[in-house]
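1. Turn this into a structure:
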Amino acid sequence: MTEMSEQRRKGLDKMAEVYGFDLSDGPGDYFAHTADHLFGEVWTREGLTVRDRRLLLLGALAASGLDDVAEIQAGAALGNGELEPDQLREIALFLCYYIGWPLGTKLNFTFGKVIGNFEKNR
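-> Model prediction:
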């Protein structure tokens, strides 16, 4: 078995912080780029907090209509204590004015589902 590089460990540690659960090493180039570069380099840069990056990501996901990924990010933000349910609702309303009402409404429904699951599992 090969030893894990420091870069991979750094990326996996940041992924665990961002998503709120430990991730094991994965195979292939896609996982390597995700762990080593996206999380090991981009998410660990100084200048923005994890919360800051998550807010930016939620806006980009909402604008792209990627509510399935926004659902994962919103759940992680609630679980990590970065955002509160009322803040997610406010984000959805705010984004309606910038991404359009249909996409914002879709995001609002997604956040409602995430908030419901979060509150049920408290």
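
2. Report the buried residues of the longest helix seen in the chain.
-> When the chain is parsed with DSSP state H, its longest helix is helix 101-120. Buried residues in helix 101-120, counted by 16 or more other CB atoms under 10 Å: 103, 104, 106, 107, 108, 110, 111, 114, 115, 118. Every C-beta, even on glycine, is put in place using the N, C-alpha and C of the backbone.

3. Helices of the chain, residue ranges please.
-> 6-19, 28-32, 50-63, 67-79, 85-99, 101-120.

4. how near is residue 8 to residue 42?
-> Distance, residue 8 to residue 42, using CB to CB, to the nearest Å: 15 Å.

5. And for residue 91?
-> Taking CB to CB, one finds residue 91 at 22 Å from residue 42.

6. Which residue of the two possesses the greater neighbour count?
-> residue 91 (22 against 12; other CB atoms under 10 Å).

7. For that one, give me its contacts.
-> Counting by CB atoms under 8 Å, 6 or more residues apart in numbering, residue 91 touches 55, 58, 59, 83, 107, 111.
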